[in-house]
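K.L.:
A structural model of the following input is requested.
(one chain, ligands or ions: 1)
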Amino acid sequence: MDQPWRILEFYSGVGGMRYSLMKARIRGEVIEAFDINDRANDVYEHNFGHRPFQGNIQILSAADLDKYKAHAWLLSPPCQPYTRQGLQKDSADARAFSFIKILELIPTMQHPPLILFVENVVGFEISDTHKQMLGIFAKISFVTQEYILSPVQFGIPYSRPRYFCLAKRKPLCFKISSLNNQLLHTSSHLVLFEDSKLMVGCPPQHEECSLSCQPIRNFLETPFLVTDCAEACYGTSDGKVKQSDENNDRGKASNGNVGFFGKYVVPHYVIERWGNAMDIVYPDSKRCCCFTKSYYRYVKGTGSLLATSEVSNCEPTANNELCYIKDLGLRYFTPREVANLHSFPEDFCFPKHISIRQQYALLGNSLSVAVVAPLLQYLFANPCQQSSEES
Ligand SMILES: C[S@@+](CC[C@H](N)C(=O)[O-])C[C@H]1O[C@@H](n2cnc3c(N)ncnc32)[C@H](O)[C@@H]1O
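P.N.:
Here you go, the predicted structure:
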């Protein structure tokens, strides 16, 4: 392909796909992005200087899309229809409609895309939306390779396994076509980035993978210790944090000081209620759990908490486990640290009016650039030639 790829980014959120394209150094241009969420679009515009098309993707027609003459579509549709925590209504969930609707337009287009990339949660691969998607791809002569990969397989101490579908319209082909029509859990054949020498090809959660990961410490804002936090215990007892303590009040110590990490301190009442369900990691840990959009609002299953002190006056026995946890200087990872674990670039930032909770929500919906970039590099590589390995 001589000309730069013309790329559409659907469900663009805060632009994780676009950052992945940049990291993968794909010779192409995002000619339009689409998202229904105002705040996500504010963040996107703040970082890329372009405001995505704001509206429901479901209303787009084939004629609307033909105007872009796009070669590639990147799509990360809502994952709630398929998440284990959700109701798993799958294709019956209204949030799944726009995705199938837009794929169904492809056979009717004058300038259909040549390349598609889809990201979603694990569980999507057994959904009927997935079945419908593959049915449409077969009808329009697309070949596919599917993956379930997590950042831990790329040297990042972060467990966020996600489903990816790479699809190309024939006669385009994959570099390794023997992997067509397979669901793969390994990344070993993906192109190595100069700066990701730690990439290893083993299944997510595999012990050896996390051993070769960098420590969490490398992803923290510095200094990472909690200060001024002893009395920063605000909130209600239902595991939810008070509505009014957004950005300002939360973390204000009774002496009036607001330490940088004050608003990230885990209140003692939350430890008492949810301590046993917390995933606690240390700066030297080589793993942490997936941050969801509910991080900072809820504790259970929404992401790891950071222990900033290993010294406790209490013994970690079953009887005084909560006392022990209270002494760990627990705090939430900051939004910047979550962005670091998502491998977002240093210059990524939020406009001032986006609250902390909104920042977590937007990041929780986003993706790992460390995983998506090599997949995109593989997807866009030498698309018109068979690899020498196969010839
Ligand atoms: C899983 S998130 C994708 C996030 C994105 N990849 C990122 O890096 O931030 C799904 C996004 O799709 C948007 N969305 C959901 N349904 C939509 C629809 N029908 N039309 C347009 N955008 C939609 C949501 O606002 C959300 O930002």
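
K.L.:
Look up how far residue 277 lies from the residue of the chain found nearest the ligand.
P.N.:
At 2.1 Å from the ligand, residue 13 is the closest residue in the chain, using Cβ to the nearest ligand atom. (C-beta placed from N, C-alpha, C; glycine too.) With distances taken as Cβ to Cβ, to the nearest Å, residue 13 is found 28 Å from residue 277.

K.L.:
my read: residue 345 touches residue 18, true?
P.N.:
No: the criterion here is Cβ atoms under 8 Å, and residue 345 misses it with residue 18 at 10.7 Å.

K.L.:
Which one's more surrounded, those two?
P.N.:
residue 18 (21 against 13; other Cβ atoms under 10 Å).

K.L.:
Can you tell me the closest non-neighbouring residue to that one?
P.N.:
Closest residue in space to residue 18, ignoring its immediate chain neighbours: residue 30 at 5.4 Å, by Cβ to Cβ, 6 or more residues apart in numbering.

K.L.:
which residues sit in contact with that neighbour?
P.N.:
Listed by Cβ atoms under 8 Å, 6 or more residues apart in numbering, the contact set of residue 30 reads 7, 8, 9, 18, 21, 48, 50.

K.L.:
So residue 13 and residue 277 - more neighbours on which side?
P.N.:
Remark: of residue 13 and residue 277, residue 13 carries more neighbours, 23 against 10, as counted by other Cβ under 10 Å.

K.L.:
what helix or strand does residue 143 sit in?
P.N.:
strand 142-149 (DSSP states H and E).

K.L.:
Who are the packing partners of that strand?
P.N.:
Helices and strands touching strand 142-149, by 3 or more Cβ pairs under 8 Å, 6 or more residues apart in numbering; DSSP states H and E, are strand 162-169, strand 183-184, helix 369-380.

K.L.:
Quick one: those as JSON lines, columns for distance to residue 327 and mean pLDDT too.
P.N.:
Converted to JSON lines, those look like this (distance: least, Cβ to Cβ, whole Å; pLDDT from 0 to 100):
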{"stretch": "strand 162-169", "distance to residue 327": "35", "mean pLDDT": "97"}
{"stretch": "strand 183-184", "distance to residue 327": "44", "mean pLDDT": "96"}
{"stretch": "helix 369-380", "distance to residue 327": "33", "mean pLDDT": "96"}
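
K.L.:
quick one, which of those is packed in tightest?
P.N.:
helix 369-380 (a mean of 25; mean count of other Cβ atoms under 10 Å).

K.L.:
Is that one in proximity to the ligand?
P.N.:
No: figure legend: helix 369-380 not in contact with the ligand (Cβ under 6 Å from any ligand atom); closest approach 8.8 Å.

K.L.:
just how off-centre is that helix within its chain?
P.N.:
14 Å (Cα atoms, centre = their mean, to the nearest Å).

K.L.:
Begin at 54, not 1, for the rest of this chat.
P.N.:
With the count now opening at 54, the last piece we talked about shows up as helix 422-433.

K.L.:
thinking again about what came up before, okay, the helices and strands packed on strand 195-202 in a markdown table with distance to residue 392 next?
P.N.:
Below are the helices and strands packed on strand 195-202 laid out as a markdown table (distance: least, Cβ to Cβ, whole Å):
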| stretch | distance to residue 392 |
| --- | --- |
| strand 215-222 | 17 |
| strand 236-237 | 28 |
| helix 422-433 | 10 |
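
K.L.:
Quick one: closest of those to residue 317.
P.N.:
Closest to residue 317 of the helices and strands packed on strand 195-202 is helix 422-433 (Cβ to Cβ; 23.2 Å).

K.L.:
other SSEs contacting the closest one?
P.N.:
Looks like helix 422-433 contacts helix 69-76, strand 168-174, strand 195-202, strand 215-222 (3+ Cβ pairs under 8 Å, 6+ apart).

K.L.:
Please tabulate these in a markdown table and include distance to the ligand as additional columns.
P.N.:
Shown next, in a markdown table, are those (distance: least, Cβ to the nearest ligand atom, whole Å):
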| stretch | distance to the ligand |
| --- | --- |
| helix 69-76 | 3 |
| strand 168-174 | 7 |
| strand 195-202 | 15 |
| strand 215-222 | 10 |
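
K.L.:
now these as a markdown table including distance to residue 243?
P.N.:
Listed next are the helices and strands packed on helix 422-433 as a markdown table, based on distance: least, Cβ to Cβ, whole Å:
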| stretch | distance to residue 243 |
| --- | --- |
| helix 69-76 | 13 |
| strand 168-174 | 14 |
| strand 195-202 | 9 |
| strand 215-222 | 11 |
